[in-house]
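**Q** from the sequence below, what's the structure:
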Amino acid sequence: MLKGWNAVGRPTEIDQIVGQKEFTVDAKEWIENDTYPEALLFVGPPGNGKTSAARVIGMKMLGNDGELFFNADFYECNASDDRGIDFVRVFLKQAAMTAPYYGDRKVILLDEADGLTPAAQDALKQIVESNTGNCLFIFTANDISKIRPAIKSRCVIYQFRPITPEEGSKHLFNVCKKAGVANSICVKWHEDFPRLVHSMNGDLRACVNMLEALSPYEDSLRSKIGSMGDISKAAMSAMTKDFLNMRCLFHESLDQGRCKDFIMRSFYRNLSSFFNFESDDYTPSDEYDFSGGDEKVWSIMRVYGDMMANIHEWPDSDYAFLDYFVAKLEGELKQ
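**A** Have a look, this model is predicted:
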């Protein structure tokens, strides 16, 4: 459709960071006083601004009047890709010990730091402790339980919460305007932005990616949302033991660009509506058989918990993860 969506949607100022008031208030004080913490840890679900916030802090600390300062003294690594102890001992140690080219400190961003192995984190804690005068370390993570206590104790921690539909709608409208979408389309899409943000669990990155792929027509967003895989129906399929349909709904959601983490969390939100279910509310002519409703929910929750405990270490595709989840449920509910 139109180019530059990710660029125009990415904040370059603290005030442009959506929905994270505690962080933005503190960040403004750091910038005003030119005094920054030794290390930061941003925790929260995907797509709510953790990486963007780290980059803004880096630009402000290093001076964003020119890209030269930022490019010379800002190091960004995806820890889920480079997650072993050799990466920490060789690359990160050298990067942390090298003097900044321009300023007093450089910035090292370890994105998705919960992907680092325990051994790598143990090696990293000494590097952080020994080089805070030379570097500002910024870690992002989806799952704080995967971060070792020795790392957490050295960081100022901020919980990045999912973006609300109201906050997300305003941001997406501004992004559309900056991307050059016609005003009539922006106005029409704006009606469905709250539903889009809600369906994406507050993941603004996923929302922007979807808008970027749309055709520039007034009804294209509403049609797209209506055609997305319905995870609430997947929870219903689990309750009724329709596992093939559940698998199809999961695959539809993946095909629409949703990740396994988003799908699993949405599945839990919809499944939780079945707690304290009273099957007597339904007559024998009802479409679904919910007999033993509470017992089924608890059984499904046991499998869900086992799967979520290992979601970040899954070695195969998102499709394989969700297929295995369905297979585990089928085995559990047969007992």
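
**Q** grab the nearest non-local neighbour of residue 249.
**A** Distances taken as C-beta to C-beta, 6 or more residues apart in numbering place residue 234 nearest to residue 249, at 4.3 Å, with adjacent residues excluded. C-beta: built from backbone N, CA, C; applies to glycine.

**Q** cool, and residue 146?
**A** Using C-beta to C-beta, 6+ apart, the nearest residue to residue 146 is residue 114, at 3.6 Å.

**Q** which stretches of the stretch 51-200 of the chain have low pLDDT?
**A** 64-70, 79-84 (pLDDT under 70).

**Q** how far away is the residue nearest to residue 146 from residue 312?
**A** Per C-beta to C-beta, to the nearest Å, residue 114 is found 6 Å from residue 312.

**Q** tally of neighbours for residue 272?
**A** For residue 272, the count of nearby residues is 11 (other C-beta atoms under 10 Å).

**Q** so what's it up against?
**A** Residues in contact with residue 272 (C-beta atoms under 8 Å, 6 or more residues apart in numbering): none are found.

**Q** so for it, what's the pLDDT?
**A** At residue 272, the model reports a pLDDT of 79.

**Q** likewise the one 3 residues further on?
**A** Looking at residue 275, its pLDDT is 69.

**Q** repeat for the one 5 residues further on
**A** According to the predicted model, the pLDDT of residue 280 comes to 44.

**Q** check this protein and tell me which residue is nearest its centre.
**A** The geometric centre of the chain, computed from its C-alpha atoms, lies nearest to residue 46 (C-alpha atoms, centre = their mean), at 0.4 Å.

**Q** I'd say that one and residue 260 touch.
**A** No - in this structure residue 46 lies outside contact range of residue 260 using C-beta atoms under 8 Å: 10.7 Å.

**Q** relative to residue 295, how far out is the residue nearest to residue 249?
**A** Distance from residue 234 to residue 295, by C-beta to C-beta: 19 Å.

**Q** which of those two has more residues huddled nearby?
**A** Taking other C-beta under 10 Å, residue 234 and residue 295 do not tie; residue 234 has more neighbours (26 against 11).

**Q** residue contacts, that one?
**A** 246, 249-250, 253, 267, 270.

**Q** same thing but 6 Å
**A** 246, 249, 267 (C-beta atoms under 6 Å, 6 or more residues apart in numbering).

**Q** export those residues as CSV, with columns for secondary structure.
**A** Shown next, in CSV, are the contacts of residue 234 (DSSP: H, G, I helix; E, B strand; the rest coil):
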residue, secondary structure
246, helix
249, helix
267, helix
